[in-house]
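**Student:** I need the structure of the sequence given here:
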Amino acid sequence: MSYSTEQLQEIRNKYVARGVSNGNLNIAKTAKNSTIVTEKGEEFIDFAGAIGVMNVGHSHPKVVAAIKAQLEDFTHPGFNVMMYESYLQVCKRLCEITAGDHDKKAILFNTGAEAVENAVKIARKFTGRSGVVSFYRAFHGRTNLTMGMTSKVNPYKVGFGPFASDIYQAPFPYTYQRPAHMSEDEYIDLTIAQFDEFFKATASPENIACLVMEPVQGEGGFIIPPKRFVQHVYDFCQKHGIIFVADEIQAGFARTGKLFAMEHFGIVPDLMTTSKSLAAGVPLSAVVGRAEVVNAPNAGELGGTFSGSPLACAAALAVMDIIEEEKLNDKAEALGQNLENYLKEQQKTHKFIGDIRRLGAMVATEIVKDPETRTPDKDRTSAITNYANENGLLLLSAGINSNVIRFLAPLTITDEELKKGLDILTKALNA
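**Tutor:** The predicted model follows:
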């Protein structure tokens, strides 16, 4: 039986929990690279990338072929029951492509939140400590532990407590919103001092198992921390025996013009979490890092029924090949520069476009009521994204004040797709 779009929307309303949101109420039928076609035959240019999942584009032929080939052999014997090669190869590749020449090990899970939660478990087991530090404006997931580590209250935390104990949120720099009288260097000095004071007034270093940092804050609004701040935090962790965890779930796999965003800061994390674009839309996540740390838990203390699905592992191996073969790091930088140039041109006529920031193709612009006061304008941001989503462009917002427009288009986007998307965005800004 074939259902119309309206009938499917009614099924959604009647049978699907309202807790899951939908930025666009159309029904996808096919998707290739950066274009999604609906059941009605309408085309949408994808500037959302399933929230940073589709770095290699929708339905990349090599990913599709890898999944089909795996289906012919088996779908899931369960790695805990019997091993299979693709799981082993993904762990090997992750250990080879991540920074640092020390011995490394990896373990696979399903989602980003799972990866973060297991990184915390590993760090606690290794250090014998319980405390966890994340940052103001951070987002790490929707499980109980990762909700506690997440900063934005509504919609992620309100009404879902109590949360896990011994979790602390440290200050994180936001240079665009610094006090007007401060230079950038003065502001960085201040945030470093505030970070150090945090470990005197709020949390004791000797109780902290790990500190988890997004190299670029994702849901927080694509906030890029100054290199000096990140290096200070890393040095502090090393001095006090705190496991430094880089949450690369949204920023990883070539999004920022480096394979992993921490490479921009010259940091080699003790542990790294990754997911999203790791397997081109097939659920897969990983924790990878120093062998002695990852090895701390005993056999059976980590894992999960579906962790490291063979289908996801096949996709991940294809993704890692595609990134290298198609030079996606270079493409990310070129795409990011094109978006930055476009936004700066629009800024000349639209004074509500505030800060424009990017690391590679991880691009965002802040929508403000006034460029002098920099007051967030949530309503205008919502109007822009709503117009885009109603007129052929998938577009997302972010930020504590929901006033940041973020760009997560596939790194493989064609010039034609990019032009179509920017033409719609121009109309949205003008409207």
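**Student:** what mean pLDDT does the host helix or strand of residue 6 have?
**Tutor:** In the assignment (DSSP states H and E), residue 6 maps to helix 5-15. Regarding helix 5-15, the rounded mean pLDDT is 96.
**Student:** The helix or strand that that helix is followed by to helix 5-15, inter-axis angle?
**Tutor:** Next in sequence after helix 5-15, counting helices and strands by DSSP H and E, comes strand 28-32. Strand 28-32 runs at 110 degrees relative to helix 5-15, counting by axes from the mean of the first three to the mean of the last three Cα atoms, to 10 degrees.
**Student:** Quick one, grab the pLDDT at the nearest residue to residue 391 once chain neighbours are set aside.
**Tutor:** Distances taken as Cβ to Cβ, 6 or more residues apart in numbering put residue 424 closest to residue 391, at 5.6 Å, once the chain neighbours are dropped. In this view, the C-beta of every residue, glycine as well, is placed from N, C-alpha and C. Note on residue 424: pLDDT of 98.
**Student:** Just to be sure, residue 424 is in a helix?
**Tutor:** Yes. Per DSSP: H, G, I helix; E, B strand; the rest coil, residue 424 lies within a helix segment.
**Student:** Quick one: the strands in the stretch 151-300 of the chain, in order.
**Tutor:** 167-170, 208-213, 243-247, 271-274, 285-290 (DSSP state E, counting those that start in this stretch).
**Student:** Is residue 246 bridged to anything, and to what?
**Tutor:** In this entry, residue 246 is beta-bridged to residue 213, residue 272, by DSSP bridges.
**Student:** who's in contact with it?
**Tutor:** When contacts are counted by Cβ atoms under 8 Å, 6 or more residues apart in numbering, residue 246 is found next to 213, 214, 215, 260, 261, 262, 267, 269, 271, 272, 273.
**Student:** Flag the least confident of these.
**Tutor:** residue 267 (94).
**Student:** Now do the contacts for that residue.
**Tutor:** Contacts for residue 267 (Cβ under 8 Å, 6+ apart) come out as 99, 215, 230, 231, 234, 244, 246.
**Student:** what's the neighbour count on the residue nearest to residue 391?
**Tutor:** Residue 424 is flanked by 22 other residues according to other Cβ atoms under 10 Å.
**Student:** Could you list the domains of this protein?
**Tutor:** 5-56+327-430, 64-325 (automatic domain parsing).
**Student:** How many neighbouring residues does residue 163 have?
**Tutor:** Neighbours of residue 163 (other Cβ under 10 Å): 14.
**Student:** Chain neighbours aside, what residue packs nearest to residue 367?
**Tutor:** In space, residue 367 is closest to residue 381, 4.4 Å off (Cβ to Cβ, 6+ apart).
**Student:** next one: residue 87
**Tutor:** Nearest to residue 87 is residue 308, by Cβ to Cβ, 6+ apart, at 4.5 Å.
**Student:** So that neighbour: helix, strand or coil?
**Tutor:** Residue 308 is classified as coil under three-state DSSP.
**Student:** What number of residues are in the vicinity of the spatially closest residue to residue 219 that is not a sequence neighbour?
**Tutor:** Distances taken as Cβ to Cβ, 6+ apart put residue 139 closest to residue 219, at 3.5 Å, once the chain neighbours are dropped. By the criterion of other Cβ under 10 Å, residue 139 has 25 neighbours.
**Student:** do the same with residue 302
**Tutor:** Around residue 302 there are 17 other residues, counting by other Cβ under 10 Å.
**Student:** I'd say it and residue 119 touch.
**Tutor:** No. Contact between residue 302 and residue 119 fails when scored by Cβ atoms under 8 Å: they sit 10.4 Å apart.
**Student:** if I pick the residue nearest to residue 178 when sequence neighbours are not counted, what's in contact with it?
**Tutor:** If the residues on either side of it in the chain are set aside, residue 178 comes closest to residue 187, at 4.1 Å by Cβ to Cβ, 6+ apart. Residue 187 makes contacts with 173, 175, 178, 179, as judged by Cβ under 8 Å, 6+ apart.
**Student:** 10 Å instead?
**Tutor:** 173, 174, 175, 177, 178, 179, 226, 229 (Cβ atoms under 10 Å, 6 or more residues apart in numbering).
**Student:** Quick one: those residues as a markdown table, columns for pLDDT too.
**Tutor:** Shown next, in a markdown table, are those (pLDDT from 0 to 100):
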| residue | pLDDT |
| --- | --- |
| 173 | 97 |
| 174 | 97 |
| 175 | 96 |
| 177 | 93 |
| 178 | 94 |
| 179 | 93 |
| 226 | 98 |
| 229 | 98 |
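**Student:** got the strands of the stretch 151-300 of the chain as JSON lines, with distance to residue 159 columns?
**Tutor:** Converted to JSON lines, the strands of the stretch 151-300 of the chain look like this (distance: least, Cβ to Cβ, whole Å):
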{"stretch": "strand 167-170", "distance to residue 159": "18"}
{"stretch": "strand 208-213", "distance to residue 159": "24"}
{"stretch": "strand 243-247", "distance to residue 159": "25"}
{"stretch": "strand 271-274", "distance to residue 159": "26"}
{"stretch": "strand 285-290", "distance to residue 159": "26"}
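**Student:** So which of those is nearest residue 15?
**Tutor:** Distance to residue 15, taken as Cβ to Cβ, is lowest for strand 285-290 among these, at 28.2 Å.
**Student:** helices or strands next to the closest one in the packing?
**Tutor:** Under the contact criterion of 3 or more Cβ pairs under 10 Å, 6 or more residues apart in numbering; DSSP states H and E, strand 285-290 touches helix 85-97, strand 104-109, helix 112-127, strand 243-247, strand 271-274, helix 291-294.
**Student:** Which of the contacts of residue 267 sits closest to residue 48?
**Tutor:** residue 215 (20.5 Å).
**Student:** Verify the stated contact: the closest one with residue 259.
**Tutor:** No. With contact defined as Cβ atoms under 10 Å, residue 215 does not reach residue 259; the gap is 12.0 Å.
**Student:** what residues do the two have in common as contacts?
**Tutor:** Residues touching both residue 215 and residue 259 (Cβ under 10 Å, 6+ apart) are 248, 252.
**Student:** ok, residue 43 touching residue 36?
**Tutor:** Yes. Using Cβ under 10 Å, residue 43 makes contact with residue 36 at a distance of 7.4 Å.
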